[in-house]
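>>> I need the structure of the sequence given here:
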Amino acid sequence: MDNNTGRLPDNQNDVNQGSIPYITNLRQEVLDNTLFYTTRWTSKKIQFALMSVPVDTETGLDVHYTSDQFFYIEKGEALIIMGSCYNCINLQSYASEGYSIIVPAGMWHNVVNIGNLDLKMYSIFAPALHSYNTVFRTTQEWFDYYENY
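Residues are numbered from 1 along each chain as shown. Just a heads-up that it's a prediction; the model follows:
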């Protein structure tokens with residue numbers, strides 16, 4: 001189930017891949033990804049997703065009330081913005097290749113690409129936040145989807 005929308009995916013068997021191991025060349029998969037956001041592995045307790053944030057764009061100011069989130073930057077430069085409420089953004093930090101960011105549940109956050117290359121990173125949610133096979137090809141698809149919820 002998608003925790004943001006409460007919807008089940010079209011194929012309810014796709015909700016949980018938890019019994020299927022996932023082995024990958026993570027660095028290569030992250031660098032090769034051209035989609036803004038794509039889930040790669042999902043169980044009920046954790047989810048792994050790839051992200052490619054284009055130059056001069058961002059993930060958008062966002063909060064997840066039930067999931068902690070981990071980001072790892074494989075390539076690029078970012079400004080990390082966080083705060084305890086929408087109008088209480090009080091943390092800003094630079095991050096680049098090799099940096100990790102941990103966002104506790106309930107923390108508003110945004111990752112802004114401040115470099116001159118697409119920002120290549122992966123994210124882990126615990127528990128899972130989106131349905132298996134969730135894909136947003138562009139930042140605009142991502143923003144359009146969340147504006148409706």
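
>>> In terms of pLDDT, where does residue 126 sit?
pLDDT for residue 126: 94.

>>> Name the nearest residue to it, sequence neighbours excluded.
residue 46 (4.7 Å; Cβ to Cβ, 6 or more residues apart in numbering). For glycine as for every other residue, the C-beta is placed from the backbone atoms N, C-alpha and C.

>>> What ranges does this protein have for its helices?
Under the criterion DSSP state H, the chain contains helices at 26-32, 139-147.

>>> ranking the ones you listed by mean pLDDT, which is last?
Going by mean pLDDT, the lowest-scoring of these is helix 139-147, which has a mean of 76.

>>> Would you mind giving the helices of the chain as CSV with distance to residue 128 and mean neighbour count added?
As requested, those are exported to CSV (distance: least, Cβ to Cβ, whole Å; neighbours: other Cβ atoms under 10 Å):
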stretch, distance to residue 128, mean neighbour count
helix 26-32, 18, 14
helix 139-147, 17, 14
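
>>> what about these, which gets the closest to residue 94?
Closest to residue 94 of those is helix 26-32 (Cβ to Cβ; 19.8 Å).

>>> ranges for the strands of this structure?
Along the chain, counting by DSSP state E, strands occupy 37-42, 47-53, 68-75, 77-83, 89-96, 100-103, 108-113, 119-126, 135-136.

>>> centroid residue for this protein?
residue 123 (4.8 Å; Cα atoms, centre = their mean).

>>> quick one on the thing from earlier: which one, of the helices of the chain, ends up nearest to residue 65?
Using Cβ to Cβ, the nearest of the helices of the chain to residue 65 is helix 139-147, at 14.3 Å.

>>> related to what we said a few turns ago, kindly compare burial across the strands of the chain and name the winner.
Most buried of the strands of the chain, by mean neighbour count (mean count of other Cβ atoms under 10 Å): strand 47-53, with a mean of 23.
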